[in-house]
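1. Sequence and predicted structure below; questions after.
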Amino acid sequence: MLRGMEDYKNVMTAPKICALLSLCLLTMRPLFSQVRLPRLIRDSMILQRDSKIKIWGWASPAEKLQIKFNGRTFKTTTSTNGTWTMLLPPMKAGGPYTMNIDARNHIVINSILVGDVWICSGQSNMVHQMELHSVRYAKEIAEANYPEIRNFWIPTLTDLSGPRDDLPSGYWKSANPKDVLQFSAVAYFFAKMIYEKYHVPIGLINSSVGGTPIEAWTSEDGLKEFPAITNTIKKNKDSSYVNYVNRKAAANNANRPKQGDRGLIGPVKWYEPFYKPKGWHSINIPGYWEDQGIKDLDGTVWYRKEIDIPASMTGTAGKIFLGRIVDADVLYVNGRQVGSTTYQYPQRRYQLPADVLKPGKNVFVIRVTNNAGKGGFVPDKPYYLVVGNDTIDLKGYWQYNVGDVFEPWPITPAIAAQNQPTALYNAMIAPIINYSVKGFLWYQGEANTSHATEYAKLMPAMIADWRNRWQQAGAPFLYVQLPGFMEVNYLPSESNWALLRESQLKTLSVPNTAMAVAIDLGEWNDIHPDNKKDVGLRLALAAEKIAYGESNFVSSGPIYQSASIEGNKITISFTNTGSGLITSDGEELSQFAIAGADKRFVWGLLFGMTVCPIRSPFGMHGLTIRRGRISITKKDCLRHHLERISKNEEADMKCKNICG
């Protein structure tokens, strides 16, 4: 039994050597092999226009290769380590083309297009596929017919030891009603707007993973200025250490006392239609049970309701909308499981088979599991049953009973590979850095809010790192500022989310970057806001200016320029004001928090706003300063970048936003 790190070091030496030998054997390539291409270079790929095109792969040492493409022939010889590379001359947008590769074997790559390629990366809001927003974007999905917009999806992969040279899987898919379901919604609407304006093929390479920090997407060299992080990278390269930590965590967490769910261990399960509930209590959906008389309960709570269904709604498939639930849930209808979700973030939209409902009384049962914090049904979300054109509201009073209570238990943290520095870069970015691109789309930051100020250094470091890896020093880097999330606090207060937005704003000092503001597109009760289209369109506007050289329009919301103090009055000036700043409701401006030398924030009284007659493609915009932000109210508009303004080093005056 290991009693500490000394025991661990003593007993792991030999296995560690064996593991290294095994790794070496696994990574050695055969001395004689056929030509192999990276997963990214395959049928239907889109190559970057107006840029040298790198084609690379593996073959036997000294093997001669020949590539025929676009009427020209290119030749090379494999190096002694079994790798080969060819640089093809720049091409204009067009296609489709066919590429023939000849060596020991013959490879044909069909339906190649040349256009603009964008790397799409970040965490879950970049992951979120059109399928997850199919209710909102049903029309857009049905009308998706863009064979020249193509997406390459990279599955979640991690590597703590070092960069990989290839991906295990992946295909190029075009935007049609079936395949567009797996496109990132943000990336698709970005690509659609760019394609419709410039009529060049658009390739999207999506390499994103939910809940991951920026450090995981940066290379080891890119993090060299962060000693604590580089120390973690060094430790994580020792797989024996990682395994030791994770085994210890698993053993401790497995000892958490369990009493068993009463709804599942009795002779009659609580979800069965002939179960007779006794001693159940009333509770409202939506709502958290901690707000309805149940104190600090982590465990399982069962919800039950009998619902009368008219005959007209039976015999036909339907759908049940259960908003969002914290954390996990299982839905039963008439004793039959029809849906389940294991964590809190996805919208619950469950398909209901045609043979489940019956005329008259139907029993709906929901088993909810909560592991920490408030448990239950998130407010301000849709809760209803729909069959054809008929709907039944599921909100209101249900009956509940507690199935299990989780006793407090200290959770031992494990090493989750996808959250570790370099892990995602090594496995999901390094294999694609040879592929020439137009630029990068980035939607991330939620996982870094606990260290929000450090993000102001981490983000520029990652941008520089990626540009260095791609050897494209000025490649456009377009990113999304965090959307609004969590309850609004109407008192001046601190906010890690606001601080991270500030760090994102500071990153605009990096050349050839642009930021799409999304504060107005957020939802207080959902970290994954449903409106992904406007995010994509705002990124596309930024691309038109940064990547495509357009200059005769406003591509950004107002940005703080300067502030001056005259007596008891502060005058704040902005750039990018479009047609000018006016309030949307005709009321006075409100809710700027200001502080003096004592740094105690109070509300400042705002008055007056100058209207500047600057031409804008949107016409006359209505803007309002609300909850510490300026927002343009027109549908296809841009929002103000959140600011915290310091007049001098002593912070005599600050403007501080209050929205989470």
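-> Nice, thanks for sending it over.

2. ok, how many other residues are close to Ala311?
-> Neighbour count for Ala311, taken as other C-beta atoms under 10 Å: 10. All C-beta atoms are positioned from the backbone trio N, CA, C, and that covers glycine.

3. before we move on, what about Leu521?
-> Quick note: Leu521 (other C-beta under 10 Å) scores 19 neighbours.

4. cool, Lys361 as well?
-> Here the count is done by other C-beta under 10 Å, and Lys361 has 11 residues near it.

5. and it, what helix or strand is that in?
-> Using DSSP states H and E, Lys361 falls within strand 360-370.

6. which other helices and strands contact that strand?
-> strand 299-309, strand 325-326, strand 328-333, strand 376-377 (3 or more C-beta pairs under 8 Å, 6 or more residues apart in numbering; DSSP states H and E).

7. average pLDDT across the helix or strand just after the longest one?
-> So the one you mean is strand 299-309. Next along the chain after strand 299-309, taking DSSP H and E as the criterion, comes strand 318-322. In this model, strand 318-322 carries a mean pLDDT of 98.

8. coming back round to it: mean pLDDT, distance to Asn468 and mean neighbour count added to the helices and strands packed on strand 360-370, as a markdown table?
-> What follows is the helices and strands packed on strand 360-370, written out as a markdown table (pLDDT from 0 to 100; distance: least, C-beta to C-beta, whole Å; neighbours: other C-beta atoms under 10 Å):
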| stretch | mean pLDDT | distance to Asn468 | mean neighbour count |
| --- | --- | --- | --- |
| strand 299-309 | 97 | 50 | 19 |
| strand 325-326 | 96 | 41 | 24 |
| strand 328-333 | 98 | 42 | 22 |
| strand 376-377 | 97 | 47 | 26 |
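
9. Ok, which of these comes nearest Pro483?
-> Closest of the helices and strands packed on strand 360-370 to Pro483 is strand 325-326, at 19.4 Å (criterion: C-beta to C-beta).

10. List the pairing partners of the closest one within its sheet, with orientation.
-> strand 376-377 (antiparallel) (DSSP bridges).

11. Help me confirm that Pro410 is found in a helix?
-> No: secondary structure assignment places Pro410 outside any helix; it is coil (DSSP: H, G, I helix; E, B strand; the rest coil).

12. out of everything not next to it in sequence, what's closest to it?
-> Asn252 (7.8 Å; C-beta to C-beta, 6 or more residues apart in numbering).

13. Local confidence estimate at the nearest residue to Asn496 once chain neighbours are set aside?
-> Spatial nearest neighbour of Asn496, excluding adjacent residues (C-beta to C-beta, 6+ apart): Thr449 at 4.3 Å. Model confidence at Thr449, given as pLDDT, is 97.

14. again, but for Leu20
-> So, for Leu20, pLDDT stands at 44.

15. Then the residue nearest to Asn496 would be within a helix, right?
-> Yes: counting by three-state DSSP, Thr449 is located in a helix.

16. Below-threshold pLDDT in this structure: ranges please.
-> Residues of the chain meeting the criterion pLDDT under 70: 1-32, 582-586, 588-591, 604-660.

17. Helices of that one, residue ranges please.
-> Secondary structure of the chain by DSSP state H: the helices cover 5-27, 124-127, 138-142, 185-198, 227-236, 239-254, 262-265, 423-424, 455-470, 496-506, 533-546.

18. Return the alpha-carbon coordinates of the last one using PDB.
-> Meaning helix 533-546. This file holds the C-alpha atoms of helix 533-546, laid out as PDB (Å, rounded to 0.1, in the frame of the first residue of the first chain):
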ATOM      1  CA  LYS A 533     -26.600  33.300 -35.200                       C
ATOM      2  CA  ASP A 534     -25.900  36.900 -34.100                       C
ATOM      3  CA  VAL A 535     -22.600  35.800 -32.600                       C
ATOM      4  CA  GLY A 536     -21.600  34.300 -35.900                       C
ATOM      5  CA  LEU A 537     -22.700  37.400 -37.800                       C
ATOM      6  CA  ARG A 538     -20.700  39.700 -35.500                       C
ATOM      7  CA  LEU A 539     -17.600  37.600 -36.100                       C
ATOM      8  CA  ALA A 540     -18.300  37.800 -39.800                       C
ATOM      9  CA  LEU A 541     -18.500  41.600 -39.600                       C
ATOM     10  CA  ALA A 542     -15.200  41.600 -37.800                       C
ATOM     11  CA  ALA A 543     -13.700  39.400 -40.400                       C
ATOM     12  CA  GLU A 544     -14.800  41.700 -43.200                       C
ATOM     13  CA  LYS A 545     -12.700  44.400 -41.700                       C
ATOM     14  CA  ILE A 546      -9.700  42.500 -40.300                       C
END
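
19. Mind giving me the packing neighbours of it?
-> Using 3+ C-beta pairs under 8 Å, 6+ apart, helix 533-546 is in contact with helix 185-198, strand 439-443, strand 477-480, strand 513-516.

20. List the buried residues of the longest strand along the chain.
-> Of all segments of type strand in the chain, defined using DSSP state E, the longest is strand 106-122. By 16 or more other C-beta atoms under 10 Å, the buried positions in strand 106-122 come out as 107, 109, 111-122.

21. would you put the C-alpha positions of it in PDB?
-> Provided in PDB are the C-alpha atoms of strand 106-122 (Å, rounded to 0.1, in the frame of the first residue of the first chain):
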ATOM      1  CA  HIS A 106      -1.700   5.400 -55.700                       C
ATOM      2  CA  ILE A 107      -4.000   7.900 -53.900                       C
ATOM      3  CA  VAL A 108      -6.700  10.000 -55.500                       C
ATOM      4  CA  ILE A 109      -8.300  12.900 -53.600                       C
ATOM      5  CA  ASN A 110     -11.500  14.100 -55.100                       C
ATOM      6  CA  SER A 111     -13.800  17.200 -54.900                       C
ATOM      7  CA  ILE A 112     -11.100  19.600 -53.700                       C
ATOM      8  CA  LEU A 113     -12.000  23.300 -53.400                       C
ATOM      9  CA  VAL A 114      -9.800  26.300 -52.900                       C
ATOM     10  CA  GLY A 115     -11.100  29.100 -50.700                       C
ATOM     11  CA  ASP A 116     -10.700  30.400 -47.200                       C
ATOM     12  CA  VAL A 117     -10.100  28.100 -44.200                       C
ATOM     13  CA  TRP A 118     -10.900  29.100 -40.600                       C
ATOM     14  CA  ILE A 119      -9.800  27.300 -37.400                       C
ATOM     15  CA  CYS A 120     -12.800  27.400 -35.000                       C
ATOM     16  CA  SER A 121     -11.800  26.700 -31.400                       C
ATOM     17  CA  GLY A 122     -12.700  27.200 -27.800                       C
END
